[in-house]
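S.K.: can't give you the sequence, but here's the structure:
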């Protein structure tokens, strides 16, 4: 019995949840998201709540029951308030700037690194060293933040590179001579 999957999801005001043939569409003030449904998993909208049910108690349906409920909850939260990830750039001469839908970064290479933002994702740059990624889709925000971080991951000796704001980099001691 899934404890997560059995909890109903409250629909806040200003959010519409529509059931389609093979999916669910969630509309809100911050955007619109869709998700396809797995076979054997049902979704009902009644009394301002979303209820997720499953067809049987086999392992596949139990696993997808809680997953779909969590995804729908994240979709409803995303269209009411955007998800946000903050990245920090550290290093001498390392900086970022926003040029339209492109994020141009100087990361110690011989050329600037240009990252094109996908649709549905917004970015802002504060103080040339702090990048904030925003969007309604939790998965997409995390994926874009991870792709930007992979352009220059932080190194353990001086800490130079791009890291998450809440990430702690374990520093290593350099070589010492006798």
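M.R.: Nice, thanks for sending it over. Computed from a prediction, not measured in an experiment: that's the story for all the values here.
S.K.: need the contact list for residue 89.
M.R.: Contact partners of residue 89, counting by Cβ atoms under 8 Å, 6 or more residues apart in numbering, are 95-96, 105, 107, 128-131, 161-162. In short, each C-beta sits where N, CA and C put it, glycine included.
S.K.: among those, which ones are buried?
M.R.: The neighbour-count test (16 or more other Cβ atoms under 10 Å) applied to the contacts of residue 89 identifies 96, 105, 107, 131, 161-162 as buried.
S.K.: reformat those as TSV; add pLDDT and distance to residue 169.
M.R.: Compiled in TSV, the buried ones among the contacts of residue 89 are given as follows (pLDDT from 0 to 100; distance: Cβ to Cβ, whole Å):
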residue	pLDDT	distance to residue 169
96	90	19
105	89	19
107	86	16
131	91	17
161	88	8
162	89	11
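S.K.: quick one on the thing from earlier: so which of the contacts of residue 89 are in strands?
M.R.: With strands defined by DSSP state E, the entries of the contacts of residue 89 inside them are 95-96, 105, 130-131, 161-162.
S.K.: how about residue 64, secondary structure?
M.R.: Recorded secondary structure, residue 64: helix (DSSP: H, G, I helix; E, B strand; the rest coil).
S.K.: can you read off the pLDDT for the closest residue to it other than its chain neighbours?
M.R.: Once flanking residues are discounted, residue 64 sits nearest to residue 38: 4.5 Å by Cβ to Cβ, 6 or more residues apart in numbering. At residue 38, the pLDDT value in this model is 79.
S.K.: thought residue 38 was touching residue 66?
M.R.: No: Residue 38 lies out of contact with residue 66 (Cβ atoms under 8 Å); the separation is 11.7 Å.
S.K.: list the strands paired with the lengthiest strand in the chain, with their directions.
M.R.: Under DSSP E, the strand in the chain containing the largest number of residues is strand 83-90. Based on DSSP bridges, the strands next to strand 83-90 in the sheet, each with its direction, are strand 130-135 (antiparallel), strand 161-164 (antiparallel).
S.K.: got the domain ranges for this protein?
M.R.: By the assignment in automatic domain parsing, the chain contains the domains 9-80, 83-164.
S.K.: looking at these, which is closest to residue 172?
M.R.: Ranking the domains of the chain by distance to residue 172, with Cβ to Cβ as the measure, places domain 83-164 first at 4.5 Å.
S.K.: chain center to that closest one, what's the gap?
M.R.: If you compare the mean C-alpha spot of domain 83-164 with that of the full chain, they lie 14 Å apart, counting by Cα atoms, centre = their mean, to the nearest Å.
S.K.: many thanks, have a good one.
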